[in-house]
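Trainee: Predicted model, plus sequence, below.
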Amino acid sequence: MTVAEVKADAGSPEDRGITYDELITGHAPDPKIDAKERLLGTFAVAIAKGKSDKVFLGAILDALLEAGVDMPPPGTAGAAMESASEWGRLREEIRRYKLRTRAKQIGDEQLAIEAALEAGCVPTGWEVVPLDKVSPTPEVPTVACREDGQRLFYKGKVNTVFGDSEGGKSWLCLLAAAQELRSGRSVTYIDYEDSARGIKNRLIALGVPEDVVNEPVLFRYMNPWGPIGDLLESERQQEGFAQCTLVVVDAMTEALAAAGLSSVSDVDVAQWFNTFAKPIAALGPAVVVIDHMNLSDKGRVTGSQHKKSAVDGLSLRVKKGKSFAPGVAGHSDLYVAKDRPGAVRAVAEEDYAGRFVVPASIAGDDGMKRACITVPTPALTVEERAAATEYLLDLTVADLESEGRSITVRSVSEAFRAAGHSASDPVIRDYVRQHKEDGV
């Protein structure tokens with residue numbers, strides 16, 4: 001039924017409560033009648049008469065939301081609707097409508113929704129996007145800062161971190177979270193693998209004050225064991241996610257399992273992204289999903305291809321270098337697997353985006369507070385690499401001598417590798433031998 005037909009067949013003012021024109025213009029025929037009651041009456045009559053025109057009902061729902069309707073007011077048309085089981089239909093329409101219109105979405109999808117609302121329609125995603133309102137400004141990442149100030153993850157988009165087991169994927173995301181928290185910005189951590197104590201201890205180790213970690217406005221920790229269901233559609237949850245700059249999901253396989261979905265099914269993975277990760281990203285934060293890299297017996301990566309295709313931000317592969325832990329230096333290398341906006345790949349060296357480094361323990365500092373993401377350096381020639389190794393060995397030996405320690409292959413090797421450097425045993429033996437022969 002068209003809007004004109006609804007308007008022509010709406011019945012008397014007492015039946016319809018408020019006309020479409022009055023609804024759009026905001027003018028009510030009788031200011032003594034409560035706006036909520038009038039709108040509810042309009043909706044009740046429209047449903048009772050079978051008027052399901054989306055333009056008309058959509059405009060009514062929009063006005064109901066603006067009026068703050070959540071429950072049927074006692075003694076009004078809403079109460080009558082409840083007894084007729086029509087209030088449930090209204091609440092369902094409002095619930096779905098809220099999810100679309102109150103998500104504070106960004107980008108092209110939001111423009112399409114705004115265009116639909118201006119036309120008085122319930123948005124479906126099939127609306128034409130007004131491109132004259134789309135800014136051609138390049139999209140830039142804003143979360144997870146390298147030493148040079150370059151960021152890695154994009155706000156309002158789904159990003160992923162995947163790679164080897166024990167490669168430091170969670171630590172890398174917690175470093176990004178620590179950076180945001182230390183700057184006074186809010187973070188949500190959805191944890192399927194660790195515990196509240198474990199995550200709290202890690203953030204404190206990364207230099208976040210305990211009172212900041214304890215403040216739920218700044219750090220929201222969730223440890224779910226079941227699917228999110230309708231919780232994401234609640235206004236409270238939406239506002240909580242919307243106030244964050246970063247939302248970490250650790251990890252995807254467990255999140256899918258909790259939702260009763262399979263990580264190797266394209267359909268299940270697409271469903272999870274469309275009902276979980278993307279709606280959260282649409283609220284504004286950078287969503288970073290941690291994923292394990294599944295390997296077949298032949299060493300090939302397995303799993304759903306949709307895990308990569310669903311990413312509209314950065315997909316970062318973490319390649320394990322030297323294992324690390326608090327007090328033990330180590331590193332992992334970061335490679336761009338996908339970068340739809342392209343800003344990170346533009347500053348990477350052949351897709352090498354940087355190195356996640358945990359320094360060695362010094363003077364009671366276990367090194368975690370100095371963890372960082374270093375800038376990638378251009379590939380070195382054999383001669384340049386040898387010269388760099390010799391220079392680092394010179395520094396290591398100088399430190400040992402300043403401590404009064406003897407210079408042996410073992411002492412140099414242990415100190416060199418504890419600092420996060422690497423060199424073969426023959427190279428270190430030759431260096432120590434030459435050092436002694438030179439009598440330095």
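Mentor: Yep, it's here. Numbering: from 1, shown residues only.
Trainee: hey, let's count contacts and neighbours off CA atoms from now on
Mentor: Noted.
Trainee: quick one: average pLDDT of stretch 283-302?
Mentor: When pLDDT is averaged along stretch 283-302, the result is 69.
Trainee: try stretch 202-218
Mentor: 93.
Trainee: In the stretch 151-300 of the chain, where is pLDDT below threshold?
Mentor: Low-confidence segments of the stretch 151-300 of the chain, defined by pLDDT under 70: 229-230, 294-300.
Trainee: try it again with 80
Mentor: Applying pLDDT under 80 to the stretch 151-300 of the chain picks out residues 228-235, 293-300.
Trainee: all helices for the stretch 201-350 of the chain, in order.
Mentor: Per DSSP state H, counting those that start in this stretch, the stretch 201-350 of the chain carries helices over the ranges 210-213, 235-242, 252-258, 266-272, 278-282, 306-309.
Trainee: Burial-wise, tell me which of those comes out on top.
Mentor: Among those, helix 278-282 has the highest mean neighbour count (mean count of other Cα atoms under 10 Å), at a mean of 23.
Trainee: now the helices of the stretch 201-350 of the chain as JSON lines including distance to residue 202?
Mentor: Shown next, in JSON lines, are the helices of the stretch 201-350 of the chain (distance: least, Cα to Cα, whole Å):
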{"stretch": "helix 210-213", "distance to residue 202": "10"}
{"stretch": "helix 235-242", "distance to residue 202": "22"}
{"stretch": "helix 252-258", "distance to residue 202": "20"}
{"stretch": "helix 266-272", "distance to residue 202": "28"}
{"stretch": "helix 278-282", "distance to residue 202": "24"}
{"stretch": "helix 306-309", "distance to residue 202": "27"}
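Trainee: Let me know which of those helices is the nearest to residue 194.
Mentor: helix 252-258 (11.3 Å; Cα to Cα).
Trainee: what about the strands in the protein?
Mentor: 143-145, 151-153, 158-163, 186-191, 219-222, 244-250, 286-292, 294-295, 301-302, 314-322, 330-339, 352-358, 372-374 (DSSP state E).
Trainee: name the helices or strands packed onto the fourth one?
Mentor: Based on contacts counted as 3 or more Cα pairs under 8 Å, 6 or more residues apart in numbering; DSSP states H and E, the elements that strand 186-191 packs against are helix 169-182, strand 219-222, strand 244-250.
Trainee: rewinding a little: how about CSV for the strands of the chain, with distance to residue 206 added?
Mentor: Formatted as CSV, those follow (distance: least, Cα to Cα, whole Å):
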stretch, distance to residue 206
strand 143-145, 14
strand 151-153, 18
strand 158-163, 19
strand 186-191, 15
strand 219-222, 14
strand 244-250, 16
strand 286-292, 19
strand 294-295, 29
strand 301-302, 32
strand 314-322, 19
strand 330-339, 15
strand 352-358, 10
strand 372-374, 10
